[in-house]
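1. structure of the sequence below:
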Amino acid sequence: MNTLKLNDQYTFAVERYDQRLRLIVSDGTDEWVCRKVTAKELTA
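-> The predicted structure follows:
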């Protein structure tokens, strides 16, 4: 999973989920936001 630090508390991650991608915002222990999209939806 690739992660990007948003600030001191939150990180953003992208991981594969079947034929889709999961976009995740977390505080290190809990996932706050998770969205499942296709790669095409991200580039459109």
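2. surely Val37 meets Gln19?
-> No - counting by CB atoms under 8 Å, Val37 does not reach Gln19; the two are 10.7 Å apart. For every residue, glycine as well, the C-beta is placed using N, CA and C.
3. which residues are in contact with stretch 4-17?
-> 1-3, 21-28, 32, 36 (CB atoms under 8 Å, 6 or more residues apart in numbering).
4. any quick PyMOL command for the buried ones out of those?
-> Buried residues within those, by 16 or more other CB atoms under 10 Å, are selected in PyMOL with:
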select buried, resi 21+22+23+24+26
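5. distance to Phe12 and pLDDT for the contacts of stretch 4-17 - can I get that in JSON lines?
-> Output for these, formatted as JSON lines (distance: CB to CB, whole Å; pLDDT from 0 to 100):
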{"residue": "Met1", "distance to Phe12": "11", "pLDDT": "70"}
{"residue": "Asn2", "distance to Phe12": "9", "pLDDT": "80"}
{"residue": "Thr3", "distance to Phe12": "7", "pLDDT": "90"}
{"residue": "Leu21", "distance to Phe12": "12", "pLDDT": "92"}
{"residue": "Arg22", "distance to Phe12": "11", "pLDDT": "92"}
{"residue": "Leu23", "distance to Phe12": "7", "pLDDT": "93"}
{"residue": "Ile24", "distance to Phe12": "7", "pLDDT": "93"}
{"residue": "Val25", "distance to Phe12": "6", "pLDDT": "95"}
{"residue": "Ser26", "distance to Phe12": "8", "pLDDT": "93"}
{"residue": "Asp27", "distance to Phe12": "11", "pLDDT": "92"}
{"residue": "Gly28", "distance to Phe12": "12", "pLDDT": "80"}
{"residue": "Trp32", "distance to Phe12": "10", "pLDDT": "88"}
{"residue": "Lys36", "distance to Phe12": "15", "pLDDT": "94"}
